[in-house]
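>>> sequence first, predicted coordinates after that:
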Amino acid sequence: MLLKRPRVRRVLRILLITFVIWLAFDVLLAMTIYFYGAIDRAQQADVIIVLGAGLRRDGRPDMALTRRTLHAAALWQQGIAPRIICTGGYSEYAGRAEAYGCRDVLLEQGVPAEVIVIEDGSRSTEENALNSHRLMQQNGWSTAVLVTDGFHMLRASWIFSNEGIMVFNSPVSSSRAQFPILLVYVAREVVALQWQFVKEALGLSNTYVQGI
C-alpha cells in the first residue's frame, strides 16, 4: 500500500495539471471567440447569409433571429449584396421554419420578396453551410457576407470556409445581448468549437447535435 500511494499522488498531480491547462485553454478560447466576433469585415459580395436562430411559440422570430435579420436588412440597404439567404429549418416548438421568421422581418424592413432566398432544411450551423453553398452554386454566387451573433462568428466562419464558401464576416454586436446570457453563449461556443475540432481531426461527417 505504501508503494502505491506515491503513484496515486503522481496520477492525481498529472490530472490536476491537465485540468488546469485545459481550463486555461478554455479561457483563452473564450477570449478569442469574443474578440473575433467584435470585428466587422463586411464588403461587397454576391449574397448575404443570415444564420437561423430560435422562434417563439407563436412563430415569430426571437430576439436573436430578429437582431441578425435587422442587421442583414441594413447591409442590404447599404448595397453590400443584392440577395439575402434566410437559413433555418423547421421548429416543432413554433410550427414553422426559422427561415420564414427571417423573411418576415426582412419584409417588414422593406426588403422586396424577390430579394429573399429561403433555405429551410438546416438544423445546425454545418447544415446551414452545406445548404447555403448548394443554393449559391445553383445561382452562380461565389462570395457571401455572413451574418450571425458575434459569439457565434468564429465557429460559423470556420465551418463556412471549410465548406468552400468565401465569406466576409459581419457580426451582430454582442453588446445587444444581456451580459450573463452572453457568458452562457460563449461557454457553449467553447464546447462546440472543441467538438468541431475533434470531428475534423477524426474525419467524422456532418452531425447534428441539439443546441450546437
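Cool, got the structure. Residues are numbered from 1 along each chain as shown.

>>> quick one: the strands in the protein, in order.
47-50, 84-87, 90-91, 96-97, 116-119, 143-147, 166-169 (DSSP state E).

>>> which parts of the chain are helices?
Secondary structure of the chain by DSSP state H: the helices cover 4-36, 63-77, 98-108, 125-139, 150-162, 179-202.

>>> ok and the third one relative to helix 125-139, angle-wise?
In other words, helix 98-108. 60 degrees (axes from the mean of the first three to the mean of the last three CA atoms, to 10 degrees).

>>> what's the angle from helix 98-108 to helix 63-77?
Going by the same axes, to 10 degrees, helix 98-108 makes 50 degrees with helix 63-77.

>>> how about the first one?
Here the directions of helix 4-36 and helix 63-77 differ by 40 degrees (the same axes, to 10 degrees).

>>> so which elements touch helix 4-36?
Packing contacts for helix 4-36, counted by 3 or more CB pairs under 8 Å, 6 or more residues apart in numbering; DSSP states H and E, involve helix 150-162, helix 179-202. Every residue, glycine included, has its C-beta placed from N, CA and C.

>>> now the shortest one
Packed against helix 98-108, as judged by 3+ CB pairs under 8 Å, 6+ apart, are the following elements: helix 63-77, strand 84-87, strand 116-119.

>>> and for the nearest residue to Ile118 once chain neighbours are set aside, the neighbour number?
Spatial nearest neighbour of Ile118, chain neighbours left out: Ala99 (4.9 Å); criterion: CB to CB, 6 or more residues apart in numbering. The number of residues packed near Ala99 is 26, by other CB atoms under 10 Å.

>>> what separation is there between Ala99 and Leu183?
Remark: distance between Ala99 and Leu183 (CB to CB, to the nearest Å) = 28 Å.

>>> again, but for Gln77
Taken as CB to CB, the span from Gln77 to Leu183 is 32 Å.

>>> more neighbours: those two, which one.
Between Gln77 and Leu183, counted using other CB under 10 Å, the more crowded position is Leu183 (14 against 11).

>>> out of the helices and strands packed on helix 98-108, the one nearest Met136 is which?
With CB to CB as the criterion, Met136 lies closest to strand 84-87 of these, at 8.0 Å.

>>> who touches that closest one?
47-52, 69, 72-73, 76, 98-100, 102-103, 106, 111, 115-120, 122, 128, 131-132, 135-136, 144 (CB atoms under 8 Å, 6 or more residues apart in numbering).

>>> what's the pLDDT at Tyr208?
Per-residue pLDDT puts Tyr208 at 59.

>>> how about Leu3?
At Leu3, pLDDT is 48.

>>> so how far is Arg103 from Cys86?
For Cys86, the distance to Arg103 - CB to CB - is 5 Å.

>>> more neighbours: these two, which one.
Taking neighbours as other CB under 10 Å, Cys86 and Arg103 compare with Cys86 leading, 28 against 22.

>>> let me see the contact set for the spatially closest residue to that one that is not a sequence neighbour.
Excluding its sequence neighbours, the residue lying closest to Cys86 (CB to CB, 6+ apart) is Cys102, at 3.5 Å. Counting by CB under 8 Å, 6+ apart, Cys102 touches 50, 52, 61, 65, 68-69, 72, 86-88.
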